[in-house]
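Chemist: Provided below for reference: sequence and predicted model.
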Number of protein chains: 2
Amino acid sequence: MDNAIQDKDLMMDESIEKILELLEEKKYFSARDELMKYNAADIAEIIEEITDDSEIRMTVILFRLLPKDVLVEAFSYLPSDLQVDIVNEITDKEINYIIQELDFDDKIDVLEELPANLVNKILEKTPKNERKQINTFLNYPENCAGSLMTPEYISLQKEWTVEDALEHIKEVGMDAETVYTCYVKDTGRKLIGIVSLSTLVVTDSDVKIKDIMKTEYIYEDVDRDQEEVSDDFKKYGYLAIPVVDKEHRLIGIITVDDILEVMEDEATEDIERMNGVIDFENSDKGYLDISVWHHALNRLPWLIILMIAYIFTGMIVTKFENSLSTVICLVAYMPMLMGTGGNTGSQAATLIIRGLATGEVETDDVWKILWKEFRIGIIIGVILSILNFARVIFIDGNSVMVACTVCAAMLFIVIFAKIIGSMIPLIVKKAHLDPALIANPAISSVSDAVALSIYFGMATLFLNL
Amino acid sequence: MDNAIQDKDLMMDESIEKILELLEEKKYFSARDELMKYNAADIAEIIEEITDDSEIRMTVILFRLLPKDVLVEAFSYLPSDLQVDIVNEITDKEINYIIQELDFDDKIDVLEELPANLVNKILEKTPKNERKQINTFLNYPENCAGSLMTPEYISLQKEWTVEDALEHIKEVGMDAETVYTCYVKDTGRKLIGIVSLSTLVVTDSDVKIKDIMKTEYIYEDVDRDQEEVSDDFKKYGYLAIPVVDKEHRLIGIITVDDILEVMEDEATEDIERMNGVIDFENSDKGYLDISVWHHALNRLPWLIILMIAYIFTGMIVTKFENSLSTVICLVAYMPMLMGTGGNTGSQAATLIIRGLATGEVETDDVWKILWKEFRIGIIIGVILSILNFARVIFIDGNSVMVACTVCAAMLFIVIFAKIIGSMIPLIVKKAHLDPALIANPAISSVSDAVALSIYFGMATLFLNL
């Protein structure tokens, strides 16, 4: 890590200690002054840390002492559960002030988390026009383009000149992230073109907007999935993309800063699904904020499904029980063969699932992948078999025939596991489901059953059981 | 999926078919016209697909027929391996043209992939000043701030007025993504402040830059890790962040569009590491482009380490062999107990590793996490034990004592696996290593050993073996 930044982290840790002490000594103003050394994003981070180690009451006292503009900006950076906690502790008047001052998209995010009666109270004090708009935005389903967009964008008329446009921007003045692309609408509110601020700035002031606007542009439908929206941002590298309804009327824009969050959430969801955790609440809450019962509920389904799958594996072992008891040393290699099968299958599945997610691999590539994994399986299988042969004979002191059984089983298990691990995600994708849902646990349990069948088959062959 | 977009995907698939047919019939100009219906990013995607199903020679023919500006932009969107393939097929003059026209950061990306003799040839034809700069940029290590930045930014003088600044921007004119924040440097090239284009546009033209520039801003040191840079973008939501050297001289800027790629790469790296795939080449190549041998090399280390770990597991079984052969039905439950232990441990590890990566969980939370996983383990363990009790008695028809052995083992295995799975990543993080490196396979193998020890312990207890 780099020094300047490490210093900053250290500085923040020290400040947190200091503020906690000051709060304990009820030196609230000194605590506030310490906090004010930082920018809003850092203040939010410090407040989050302080709330972990102190009472929410203290956070609220500190919060109230901040200058109003800093307070609102810091509030917008807080995680949603802490926002709700704070809202529960302050007066309706204070809530109203904060909510009204927030940027539109932050406002929607906060309102979505608050209880309905509080939302209604806030909406009562909101001007009618904005109230209607807020209600529309609150109704967009989570995880779609509509839930990511903000209605705060610059509209231009196509007959305006560049000078008119710049004058207009100066009047309405707006947040940096929303001002960099301007949108041209016809009289029916339909989107007909886009102009970037950089184009406006470098173009002569008497040029008409209609002569410089781009009429071919990327847009999103309001109900499009957020993952696909984020793919478009990645593909085209834009800072903002307009959102339209079924009649191609412009209803909002999505800015790239919100896409960074979407990408992180989508990656988290994929990682959790791949490892058998399904978030039923589909919540944005962090690990520590989710209750023990909810954690258990998120993790039980796969464990129960797999336990049932293992009844089958148990039956394979039971069928072979009599033979096993005559060559009991075979039992000692079961964990290794199952474990290696599961791991090697998971490796293949991981690469394919991730490849499908990032678009590097497609379901049409099935034969290429099969052929590739088959060859990889042979290389890995042969190497592991040779190592195992040495182990079984020299370390464990077992017979050559036992070694042959273990090594032949290893070779075939690795090849089959690679094929199973790579093919299952492709089949699931072909069935239009999320490949990440066929988690690694499922692949392990299938490969366990295959591994044992192969192992006992080899034992019958080499040891005449 | 939404209709308009699904239609677009369909349209592109049809165009690809059509272009492939036209190329086969040598109707190159018609193929070019079909391609020209799309924007540069889409053209790059289509060219990638076509190269998959045809010869690189065809791609090059098609490529040469594109208008020069489209050609350069589409080239910048191609994956690096295809860029190199194309460069190998075209003349030095053509290479030179493309390279010179590319944006500076794209230019560096391409040059990094080309063989050294070709790079030297290109640099010979580059003006001296730029050559020096390219050489400096090529020397920044991969995955650091220096490798992400571009030197194309707008510098302003603090004594200028807003009008001077806008005039200057108009003169130098630049890519949209790099123009939205302007940088103010002192005479020693030290960064002293930043001004956003939106501020310039909404401020009166006679105001001095020094009166509106922000002197408190976020910056990155040139050798800072790209993962930390991307964390800053997520935290602050900026569109660009300046990069400085040890003397605080401004040497480039990083724009958010490049961060989207970093985030995807970092997520891929984490996912692969968590599932036991280590990319030694640390390449940007996709699954299909990596050779079979390289794939095998990436996957072998963990498999070999784990195979050695399983020698230990084998010893536990061997020690218990004689007892096992007297109650052979116990062997049938080994796969389930090991599998459930591994899966439940991986679930906990996944949540903690991801929590550490996104900053939701910290190493200081160790006691909270331990207490949480302990309780989750009890809930899940009890539920799975009850289900298993029913299975062992009613489905398998085994004795109550065998059922007690399996169920008591299940309860303790789940609790221990949850604790092991959650604690190992924290310990690894505390040791300043990447927790994702202690992959799920490792946690499975530790929990396998623990599971078998517990199981045989319970068997000794309940069945007096």
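Modeler: Here it is on my side, so go on.

Chemist: Spell out, range by range, the strands that occur in the stretch 201-350 of chain A.
Modeler: Listed in chain order, the strands of the stretch 201-350 of chain A (DSSP state E, counting those that start in this stretch) span residues A:220-221, A:240-244, A:250-255.

Chemist: got CSV for those strands, with mean neighbour count and distance to B:Pro141 too?
Modeler: Heads up, the C-betas are built off the backbone N, CA and C, glycines and all. Written out in CSV, the entries for those read as follows (neighbours: other C-beta atoms under 10 Å in any protein chain shown; distance: least, C-beta to C-beta, whole Å):
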stretch, mean neighbour count, distance to B:Pro141
strand A:220-221, 23, 37
strand A:240-244, 23, 33
strand A:250-255, 24, 31
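
Chemist: In a markdown table, list these along with mean pLDDT and distance to chain B.
Modeler: Conversion of the strands of the stretch 201-350 of chain A to a markdown table gives the following (pLDDT from 0 to 100; distance: least, C-beta to the nearest C-beta, whole Å):
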| stretch | mean pLDDT | distance to chain B |
| --- | --- | --- |
| strand A:220-221 | 92 | 5 |
| strand A:240-244 | 92 | 9 |
| strand A:250-255 | 90 | 9 |
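
Chemist: Out of those, which gets nearest to A:Glu101?
Modeler: strand A:250-255 (19.0 Å; C-beta to C-beta).

Chemist: what inclination does the closest one have with respect to strand A:240-244?
Modeler: Using axes from the mean of the first three to the mean of the last three C-alpha atoms, to 10 degrees, the inter-axis angle of strand A:250-255 relative to strand A:240-244 is 150 degrees.

Chemist: Which other helices and strands does strand A:250-255 contact?
Modeler: Strand A:250-255 sits against helix A:145-148, helix A:176-179, strand A:181-185, strand A:240-244, with contacts defined as 3 or more C-beta pairs under 8 Å, 6 or more residues apart in numbering or on different chains; DSSP states H and E.

Chemist: one more time with 7 Å, if that's ok
Modeler: Here strand A:250-255 is seen to pack against helix A:176-179, strand A:240-244 when contacts are counted using 3 or more C-beta pairs under 7 Å, 6 or more residues apart in numbering or on different chains; DSSP states H and E.

Chemist: hang on, A:Ile122 packs against A:Ile99?
Modeler: Yes - counting by C-beta atoms under 7 Å, A:Ile122 does reach A:Ile99; the two are 5.4 Å apart.

Chemist: low-confidence ranges in chain A?
Modeler: Per-residue confidence for chain A (pLDDT under 70) gives these ranges: A:1-7, A:174-177, A:281-284.

Chemist: Please report phi then psi for A:Lys246.
Modeler: phi -60, psi -30 (degrees, to the nearest 10).

Chemist: so how far is chain B from it?
Modeler: A:Lys246 sits 9 Å away from chain B, taking C-beta to the nearest C-beta, to the nearest Å as the criterion.

Chemist: That residue: neighbouring residues, count only.
Modeler: A:Lys246 is flanked by 10 other residues according to other C-beta atoms under 10 Å in any protein chain shown.

Chemist: likewise A:Gln133?
Modeler: Under the neighbour criterion other C-beta under 10 Å, A:Gln133 is assigned a count of 17.

Chemist: With A:Asn143 instead?
Modeler: Other residues lying near A:Asn143 total 17 when counted by other C-beta under 10 Å.

Chemist: tell me the contacts of the residue nearest to A:Glu89 when sequence neighbours are not counted?
Modeler: Nearest non-adjacent residue to A:Glu89, counting by C-beta to C-beta, 6 or more residues apart in numbering or on different chains: A:Val60, 4.5 Å away. When the contact criterion is C-beta atoms under 7 Å, 6 or more residues apart in numbering or on different chains, the partners of A:Val60 are A:86, A:89-90.

Chemist: host element of A:Val60?
Modeler: A:Val60 is part of helix A:56-65, with elements assigned from DSSP states H and E.

Chemist: Same question for A:Glu360.
Modeler: Assessed by DSSP H and E, A:Glu360 sits outside every helix and strand.

Chemist: from what I can see it touches B:Ile290, true?
Modeler: No - between A:Glu360 and B:Ile290 there is no contact, the gap being 10.3 Å when judged by C-beta under 7 Å.

Chemist: still on that earlier bit, compute the distance between the residue nearest to A:Glu89 and B:Val428, please.
Modeler: When distances are taken as C-beta to C-beta, to the nearest Å, A:Val60 and B:Val428 turn out to be 37 Å apart.

Chemist: List the residues that contact the closest residue to A:His168 other than its chain neighbours.
Modeler: The spatial neighbour of A:His168 that comes closest, neighbours along the chain excluded (C-beta to C-beta, 6+ apart), is A:Leu156 at 6.8 Å. Applying C-beta under 7 Å, 6+ apart, one finds that A:Leu156 lies in contact with A:165, A:168, A:182, A:184, A:195, A:209.

Chemist: Tell me, how many residues neighbour the last one?
Modeler: For A:Ile209, the number of neighbouring residues by other C-beta under 10 Å comes to 22.
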